[in-house]
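> Provide a 3D model corresponding to the input given below.
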Amino acid sequence: MKVMKFGGGCLRTPECFANVASVIKGEVSGSVAIVVSAIYGVTVCLEQAAQAALESEERIPDVVKEIRDYHLNIVENTIDGKELLQTTLNQMEGKFKKLERLLYGVAYTGEISDAVRILIMSQGERLSSIILAAVLRTNGIKSAPFESDIIGIQTDSVCFNATANLRATKHNLKDEIVPYLQKDTIPVITGYFGCTDEGKISSFGRNGSDYSAAVVAYALNADSVHIWKDVDGFMSADPRIVQDSVRLDSLSYLEAAELSYFGARILHPRTMEPLAGTNVKIYIRNIHSPENSMTVIQPEGHEKSDVIKSVTANDDIAVLIIHGAGVGHKPGIIGEIGRILSSADINIFSVLTSQTSISLILDSADASRGVDSLRPLVGGVIERVELKKNVSLVAVVGEGLLKTEGLAAHIFTAVAEHRINVEMFAAGASEVALYFIVKQSEVKTAIQAVHQRFFGIE
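Numbering: from 1, shown residues only. Below you'll find the predicted structure:
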């Protein structure tokens, strides 16, 4: 049993859909389930449509027409057979009408709730699942589309960045999906979203279809997950920064999670969570080179002789520094800070403490709100709150990193040789990663320096 997930980069044009159908046809051996993202660019269009509806109802017909025309062009150029084409068009029209009603509802009320926003955003996956299932049938493959909230991919009560209820989802998919698999029918399941136990729609966050695929794999007792992208998999560094970076053949769950969390945008950072404790392998595969380019992610890792496998960076961060003479010694202060930021829906990437300061790494988009949220604490043990922007986090990842003597010295020597100042540094929180912060203007040089030291190429 395998689960195959296709991202938006694989679903751009009629030719792309035909190629995906060909790949699936070549991979069918035993039971297969498909998870899909929205067609390339559609999620952004839906976001813009929601914003346009908030501003005025006048643009709604035009934005819905644009989205409709984009999908109809793909359908009309990929699906053979009058009856199948008409059935597909009818299914899609129901989604377009629902989208239009949702947008007019936003325009009339002048507001948009989280649940309505997710419902609008989810129409992209609902449409792509309908189309891909029809394209597969055109190619002689038995298939049917399924919507995650309807089949019971159940989550906690968090609206955005929800976590799947694995036990409930497994029970639900046994009833909703397994009977189709037993009839050799490939289910095409929407990624990105699920529903709470109260039936309200919830989201796994942007690019959350990777996580959806892992949830489906767990629920269906799959042996493997194949994540299809339009890139070669994980690399030793971003090829746009290091021209001669090399593809990584193998990573552990931990290594892949750290790379994804700290900036490598190949895989959703939570993809490995549902599969913890299993023996499921995750294959990152290139739709343009199905046989030759992949990274295999396995539960257990292995060390390279020189330890380091990849260096990545995240430019979308800021550092919030909380100053106070005894702030690092005050019982409960970190918990209080965490509760305040959590209530403002602000995630903390990392925390570094000393006797006189606590440094928090946040998403740059949350930084100003973070300062405002913590300002009421100033005046007691907290003397002031400082915000550092225009910085980048560099992460160095590799199995065996913490137990290799002198490794950190090699990294920082490489950086220092280019006269780059390391503003913060942390190791020990993860078995396979250490990270440091530099000025954003110096991050590319820092990555190149570390990569050159360990890979001997730039």
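
> and H451, how many neighbours?
Using other Cβ atoms under 10 Å, the number of residues around H451 comes to 25. C-beta coordinates here come from the backbone N, C-alpha and C atoms, glycine included.

> what's the answer for L181, then?
With other Cβ under 10 Å as criterion, L181 counts 17.

> what sits closest to it if chain neighbours are left out?
Excluding the flanking residues, the one nearest L181 by Cβ to Cβ, 6 or more residues apart in numbering is S31, at 4.6 Å.

> go ahead and confirm L402 touches E431.
Yes: L402 is within contact range of E431, at 5.8 Å (criterion: Cβ atoms under 8 Å).

> which ones are touching the residue nearest the centre of the chain?
The residue lying closest to the centre of the chain (Cα atoms, centre = their mean) is H268, at 2.8 Å. If a contact means Cβ atoms under 8 Å, 6 or more residues apart in numbering, then H268 has 204-205, 207-211, 260 as its contacts.

> alpha carbons only: can I get stretch 391-398 in CSV?
What follows is stretch 391-398, C-alpha atoms only, in CSV (Å, rounded to 0.1, in the frame of the first residue of the first chain):
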residue,chain,number,x,y,z
VAL,A,391,18.6,38.9,10.5
SER,A,392,18.6,35.3,9.2
LEU,A,393,18.8,31.9,10.8
VAL,A,394,21.3,29.5,9.4
ALA,A,395,20.8,25.8,10.3
VAL,A,396,23.4,23.1,9.9
VAL,A,397,22.0,19.6,9.9
GLY,A,398,23.5,16.1,10.1
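
> what's that stretch in contact with?
255, 258-259, 262-263, 303-304, 307-315, 317-319, 349, 361, 411, 423, 432-440, 443, 446-447, 450.

> right, and the residue nearest to L181 touches P179 too?
No: contact between S31 and P179 fails when scored by Cβ under 8 Å: they sit 11.8 Å apart.

> so between these two, which is more surrounded?
S31 (21 against 11).

> pLDDT wise, what is that one at?
Note on S31: pLDDT of 92.

> what separates it from S245, distance-wise?
36 Å (Cβ to Cβ, to the nearest Å).

> cool, and A318?
Taking Cβ to Cβ, one finds A318 at 27 Å from S245.

> same check on A217?
Distance from A217 to S245, by Cβ to Cβ: 29 Å.

> and what of K444?
13 Å.

> could you do K65 as well?
Taking Cβ to Cβ, one finds K65 at 42 Å from S245.

> these two: which has the busier surroundings?
S245 (21 against 12).

> what about the more buried one, distance to A365?
Taking Cβ to Cβ, one finds S245 at 28 Å from A365.

> which strands and helices sit next to whichever strand or helix holds A49?
In this assignment (DSSP states H and E), A49 forms part of helix 42-55. In terms of contacts (3 or more Cβ pairs under 8 Å, 6 or more residues apart in numbering; DSSP states H and E), helix 42-55 is packed against helix 60-76, helix 82-109, helix 114-138.

> what angle separates the first one from helix 114-138?
Which is helix 60-76. Helix 60-76 and helix 114-138 are oriented at 20 degrees to each other (axes from the mean of the first three to the mean of the last three Cα atoms, to 10 degrees).

> can you check the second one too?
What separates the directions of helix 82-109 and helix 114-138 is an angle of 170 degrees, with the same axes, to 10 degrees.

> and helix 82-109, how far from the chain's centre?
On the basis of Cα atoms, centre = their mean, to the nearest Å, helix 82-109 sits 27 Å off its chain's mean C-alpha point.

> and if you look at stretch 61-68?
27 Å.

> and what of stretch 73-84?
31 Å.

> contacting residues around it?
Here stretch 73-84 makes contact (Cβ under 8 Å, 6+ apart) with 13-14, 17-18, 39, 85, 88-89, 92, 131, 134-135, 137-138.

> try 6 Å
Identification of contacts with stretch 73-84 by Cβ atoms under 6 Å, 6 or more residues apart in numbering yields 14, 17-18, 85, 88, 131, 134-135, 138.

> closest one of the residues you listed to M235?
Of all these, M235 sits closest to F17, with 27.2 Å by Cβ to Cβ.

> burial count for that closest one?
Neighbour tally, F17, other Cβ under 10 Å: 27.

> list the buried residues in the helix or strand it falls within.
Using DSSP H and E, F17 falls within helix 14-27. For helix 14-27, the neighbour count (16 or more other Cβ atoms under 10 Å) marks 14, 16-21, 23-24 as buried.

> any idea how far K174 is from K142?
In terms of Cβ to Cβ, K174 sits 20 Å off from K142.

> partners of the helix or strand bottoming out on mean pLDDT in the chain, with directions?
Taking mean pLDDT, DSSP states H and E as the measure, the helix or strand of the chain with the lowest value is strand 424-427, at a mean of 84. Here strand 424-427 has these sheet partners by DSSP bridges: strand 433-439 (antiparallel).
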